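J.: below are the sequence and a predicted model for it; my questions follow.
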Amino acid sequence: MHNENQIFVPADVPEKKHDVFIKNYHAITRNTDRLFLFSCDHKIEHLNHDFYGATINSQALHPEHLFRIASQGTIGAMATHLGLLARYAKQYPNVNYIAKLNGTTHLVSCEQQDPKSMLLWTVDDVISFKEENKLMVSGIGITVYLGSEYEAEHLFQAAQAIMQAHKAGLVTVVWMYPRGKAICQETNPQLIAGAAGLALSLGADFVKIKMPEATNMVSSTQALKIASAAAGNTKIIYSGGEMINAQDLLSQLYENIHHADVAGIAAGRNIFQRSLAESIILTQAISAIIYDNVDLKVAIAHLNQLHATP
Amino acid sequence: MHNENQIFVPADVPEKKHDVFIKNYHAITRNTDRLFLFSCDHKIEHLNHDFYGATINSQALHPEHLFRIASQGTIGAMATHLGLLARYAKQYPNVNYIAKLNGTTHLVSCEQQDPKSMLLWTVDDVISFKEENKLMVSGIGITVYLGSEYEAEHLFQAAQAIMQAHKAGLVTVVWMYPRGKAICQETNPQLIAGAAGLALSLGADFVKIKMPEATNMVSSTQALKIASAAAGNTKIIYSGGEMINAQDLLSQLYENIHHADVAGIAAGRNIFQRSLAESIILTQAISAIIYDNVDLKVAIAHLNQLHATP
Amino acid sequence: MHNENQIFVPADVPEKKHDVFIKNYHAITRNTDRLFLFSCDHKIEHLNHDFYGATINSQALHPEHLFRIASQGTIGAMATHLGLLARYAKQYPNVNYIAKLNGTTHLVSCEQQDPKSMLLWTVDDVISFKEENKLMVSGIGITVYLGSEYEAEHLFQAAQAIMQAHKAGLVTVVWMYPRGKAICQETNPQLIAGAAGLALSLGADFVKIKMPEATNMVSSTQALKIASAAAGNTKIIYSGGEMINAQDLLSQLYENIHHADVAGIAAGRNIFQRSLAESIILTQAISAIIYDNVDLKVAIAHLNQLHATP
Amino acid sequence: MHNENQIFVPADVPEKKHDVFIKNYHAITRNTDRLFLFSCDHKIEHLNHDFYGATINSQALHPEHLFRIASQGTIGAMATHLGLLARYAKQYPNVNYIAKLNGTTHLVSCEQQDPKSMLLWTVDDVISFKEENKLMVSGIGITVYLGSEYEAEHLFQAAQAIMQAHKAGLVTVVWMYPRGKAICQETNPQLIAGAAGLALSLGADFVKIKMPEATNMVSSTQALKIASAAAGNTKIIYSGGEMINAQDLLSQLYENIHHADVAGIAAGRNIFQRSLAESIILTQAISAIIYDNVDLKVAIAHLNQLHATP
Amino acid sequence: MHNENQIFVPADVPEKKHDVFIKNYHAITRNTDRLFLFSCDHKIEHLNHDFYGATINSQALHPEHLFRIASQGTIGAMATHLGLLARYAKQYPNVNYIAKLNGTTHLVSCEQQDPKSMLLWTVDDVISFKEENKLMVSGIGITVYLGSEYEAEHLFQAAQAIMQAHKAGLVTVVWMYPRGKAICQETNPQLIAGAAGLALSLGADFVKIKMPEATNMVSSTQALKIASAAAGNTKIIYSGGEMINAQDLLSQLYENIHHADVAGIAAGRNIFQRSLAESIILTQAISAIIYDNVDLKVAIAHLNQLHATP
């Protein structure tokens, strides 16, 4: 699993930027081919709904909570919008960041209008921000809504952003979500595999997809393994989704890593809706599975540190 | 409250522009972290409806009334469109200005078409105007209609304007208004908090929001306090709205400053629909609460100066 | 009324262009603050309907008729599209021109699609045309349809054109017309006053509006005076509209100049639908009221020159 | 009719390009003010329908047929799309070409969507193509659908293309067609006259219009004469339309030249749907009327050469 | 058939790039005027549907399968999206590539929205990619949906891409597909012939069309021959379509080459849905017909090598 010496550098990264790309790739994969992405784009995507509510720890209301977790926990990279980075990243310089370029709120329903998530910042904005502040911005993230009536615009901006990012040696992550009036079932296995393969055709290094649903033909894990094959040398990270029990999260992660060929997880709500102390422990357990290749039992045992401490 | 030495400079302001940003920030916050914005974009937004009518002082019909108040009263900054600045600001050089970049009339209803307020001027236009005329243009203002079918365009232009303004050391204020066919209740507390948090993700220094409505869960003040938390280090100023009794305005302001963690108010109609003499006194009373941190009683007593003079 | 020495130069005209602006302003206002605009954009706006028909002098069918009037009559400036200027202006070099930048035909009704009048030429096109040909192009004209679903595009191009024109020392005139499915009554007094105030916020020097209708509250003249106040230091010229009796036209003009604070008239059909001889006399009578400040009787008497000559 | 020395050069042609413009104008007008345009844009506009069918000569199926006619016949200029020129023009270097810039197929009906014919190539593309290949590309052609919901886009691109072409000394021809849901009768006399006048306002040298219909007020010839007047110094060429009897075509042309003040004809199907031999003879007969000013009988007699030869 | 010395170079290829164009043209036509295109854009166009299913060889699920075939088989060029090239082409440097510039998924049906396949990469992206990696990228590919409500955008981007590619000496291939609500029958003979002729008017070197349907007037082969004539000096390659029996595929190809004047085939699913061993043999048989001009029997006999080997 550890793969320190052989990193695949895509051909749209120019020779003179190979070193930068390899450094960025190593930083977020911790010298493996795996990735634990701490996903934090929800303040645009879901407004306040993921940060304040009955089941959510009250610390989550404060945006700095996200950066405290990223800084004190153990993650591959924190992905969030460039605007938010401009307000907190300099205070947390030890974190690897993935700058998210686009975003949209959930306010307009698909019935009213198909999803349209347009660039808010360019790759050049990310590069000049990174250079000005000497921060570890290792890559860019971008969402594509395939099947939307605005699919053409999404595909264009993703293809261009990936190529531009690669020209600067940045790693690229595509959030690939089928959505819109044309999409009956967002997590259909063949659709998810197609979405993963499309990310490959766009030239992405990593693709973030939702877990495919089980059918009477394939289990969810088998479907994910097919998607991993369809993605070729683009690596899959799956979405953690809504907050679930921490042990279940780890079990699912272990299964997907070891039996579905995925490279890791993109988890957000599952982490930041907990207290800082709990979040930190959970990031450590996730990283142990992804980066240290520990057994599931070891990872779950790690969770007990929290209760042990007091 | 006074905070002369510690000003937060966002990371998209380059090093060489820190001095300029700090100077602009100090100018409009008067060496506090608070802001009294004299909001004057109504000649585009509401056409003549806020300037002529039964309950409006006849002086308001004359556009110069706005600049006389700004110049003779006590405010943080006057916010208005760059076109209007081009016609009066040089005659009133002692005022701090926030140049509003976009605007739309109220003529087309949401039922007909979702709101679409596109840039009329660029940040570069503001900068060259400022430099040519040596005026105190301290920042830029921009409106975002979230939940509109044109949300993507609003988010893009706001994110870009904020980053460009910061590159030049200008302070940024976002008018963040949920509006459109998808929005049932513009002042829903969770929605308002989300709007404030979105402004943070765009990188804004200040966000102007409407007062959230009270629900059977939270009072209006409590809701505003939640929004202030959600906005993180982006500071909230709330909209004064339609003209109300001056004492009520001051009471509400005092409450919001001291119990809802807001940084100030954006008041327009509440000021300019009065006579010049009344307006001046009222700006002094507001500034006393915001900038001098006086007790409510002291501020209200100040209003009596008007009647005392003759 | 005469005001040779004090010309207001807007702040978006750079210092080094003040002389040019003042020269252009003097040229079309004849050293007053008033303006007689000979409006000739109808070949795009109304196609052939204003040039050929039962009540129209047959000379009007020939486009050169417009330039003969402008050259032999007495006007402030002739406003027409840059394309038409390219075909006749060099043959009539003694005329002051206002280059109209946008235009649309009347063919598509508001019921089918809201009005959309997009730029056909840029301010740079006007400037290079003027410099190449050493013609007296004193300013630019642009139409804004407020209340249209394309209002945003109109406002953007007008704000930008005004600022760019001012940067080159050109005078700016905005045709401000509320129109579209959202507009019930185009000449409502409060709406017209709002339109005039909006032109001010765009930074225009002159705004062309239609005469507001009388209501049971205000006469048409009173309504126009309110609009003049709302426009601040942007000066109003009102539309002459369809051809009426020449004496009535002069009476209305005198009334509006002296009791409604307008700066002049924009007349087209009222002039060019007459014979060349009649047109010339009429422009002289209009100019006498606007520029020479004569009594109405003197102006009307001037009309008799026509009948006197033979 | 011959007018070798006095050519009108529009004012948007810069001084240094006067020679080029005059040379181009002379080339296609053969030192008159008249124009015989061999119109060949049908492979985009009508796909294969004008080139293959029961009444069409089988030679027409081969695209080179068009260039053979242009090269061996007698015409003013051949108008076709730049893409087609790139594939045949160099093999036929003795032809004057007008490069058509836009085009659309007939597939989408007006009921489904109003016509939208957008630029496929820019004027700069034409200029660099011409210079690279030392070909006689004398001008540019562009279609405007007035009355379409996309009228604004058509007007903009036509106005800009004309001005840019003139800056390079190229002659300009506008196809001016009223079309769309708003147009009840495309060949209404007043509408056609308006279309011709609009071309003038766009600055075009020549305007191609359809023959206006006769009404109970005016004959078709009278209506065309009115349109010629409305077009001012922009010259009218009328569309030949579907293939008709050759003698009828010549009679109509003679009538329109001598009694309706038109400058010539734009004929395509009437020529290329015949055999090469017939086409050549017909172009000679048309040119005799247009350029040599022969009597109708002389022109018709020329047609007999074809039957005489064998 | 072999045509080593006479290559037609279109006139929009500049003199200094003739050598490059000839080299690229020779590379993919193997010194003939024919082309065997291995078409591999399906991971965007059809997502995972062509790569995983009951009748599809399991090797097809892995994207590298496509490159193995291209590298070990015998083809003219492999056409695929630039993003996919960035991830595999450098590992397979012996293949001639055609970089596909646009793409869209099949998710949104024509009933919901007419097809819209916008550029994902520019010609400049292709050129810099090619130069950086010293790969044999011989040309560009682009799809046009004529008859779509977005036809104008497709035509524009195709015309521009062809001209830009030619300027760099790249060969151009247009996928010309009538599609949308306006299209009743995509494979109507006259429509297909028109599509081929339109590609000529855009300046393309090769046009990929679907086989026209037989009617009671013409057979499918006759219809294809008419289309070949309508395309002039733009050469036709027809789409192989869904996987069929290998012998039938070869028979059809032989017929179309020798009796319908086509230049070759664009085959994808017919090749890659088979095992690597079968695919390789099939590409050899196809190339034997196209490039070596062998008899059909010889080609079919070649297929037996596969079964012979074990």
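T.: Arrived safely.

J.: any idea how far A:Ala246 is from A:Ala277?
T.: Per CB to CB, to the nearest Å, A:Ala277 is found 13 Å from A:Ala246. Glycine gets a C-beta too; all of them are placed from N, C-alpha and C.

J.: higher neighbour count, these two?
T.: A:Ala246 (20 against 15; other CB atoms under 10 Å in any protein chain shown).

J.: that one: what's it in contact with?
T.: A:Ala246 makes contact with A:Asn270, A:Glu278, A:Leu282, A:Ala285, A:Leu303, according to CB atoms under 8 Å, 6 or more residues apart in numbering or on different chains.

J.: what about the one helix or strand the first one maps to, near chain B?
T.: Applying DSSP states H and E as the criterion places A:Asn270 in helix A:269-272. No - between helix A:269-272 and chain B, judged by CB under 8 Å from any CB of the partner chain, nothing touches; the nearest distance is 13.1 Å.

J.: so which elements touch that helix?
T.: Where contact means 3 or more CB pairs under 8 Å, 6 or more residues apart in numbering or on different chains; DSSP states H and E, helix A:269-272 is packed against helix A:64-72, helix A:276-290.

J.: could you point out which element follows the last one?
T.: Put plainly, it is helix A:276-290. helix A:296-308.

J.: can you give the contact residues for that next one?
T.: Contacts of helix A:296-308 (CB under 8 Å, 6+ apart): A:246-247, A:250-251, A:254, A:277-278, A:281-282, A:284-286, A:288-289.

J.: and these, which are buried?
T.: A:Ala246, A:Leu250, A:Tyr254, A:Glu278, A:Ile281, A:Leu282, A:Gln284, A:Ala285, A:Ile286, A:Ala288, A:Ile289 (16 or more other CB atoms under 10 Å in any protein chain shown).

J.: got a list of what A:Ala230 touches?
T.: A:Ala230 makes contacts with A:Ala193, A:Gly194, A:Ala196, A:Gly197, A:Leu200, E:Lys43, E:Asn48, E:Phe51, E:Tyr52, E:Leu61, E:Pro63, as judged by CB under 8 Å, 6+ apart.

J.: one more: A:Asn57?
T.: A:Asn57 neighbours (CB under 8 Å, 6+ apart): A:Gln273, A:Arg274, A:Ser275, A:Glu278.

J.: hmm, the top helix by length along chain A touching chain B?
T.: Longest helix in chain A by number of residues (criterion: DSSP state H): helix A:151-167. No - Helix A:151-167 stays clear of chain B (CB under 8 Å from any CB), getting no nearer than 9.1 Å.

J.: how about whichever strand in chain A runs longest against chain B, any contact?
T.: Identified as the longest strand of chain A according to DSSP state E is strand A:137-146. No - applying CB under 8 Å from any CB, one finds strand A:137-146 separated from chain B by no less than 10.8 Å.

J.: on the three-state scheme, the closest residue to chain C within the stretch 1-150 of chain A is what?
T.: Per CB to the nearest CB, A:Gln113 is where the stretch 1-150 of chain A lies closest to chain C, at 15.9 Å. Secondary structure, DSSP: H, G, I helix; E, B strand; the rest coil: A:Gln113 is coil.

J.: how about the strands of chain A, start to end?
T.: Along chain A, the segments classed as strands by DSSP E run A:35-39, A:77-81, A:97-100, A:137-146, A:171-178, A:206-209, A:235-239, A:264-267.

J.: in a markdown table: those strands, plus mean neighbour count.
T.: Converted to a markdown table, the strands of chain A look like this (neighbours: other CB atoms under 10 Å in any protein chain shown):
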| stretch | mean neighbour count |
| --- | --- |
| strand A:35-39 | 28 |
| strand A:77-81 | 27 |
| strand A:97-100 | 30 |
| strand A:137-146 | 26 |
| strand A:171-178 | 28 |
| strand A:206-209 | 26 |
| strand A:235-239 | 25 |
| strand A:264-267 | 26 |
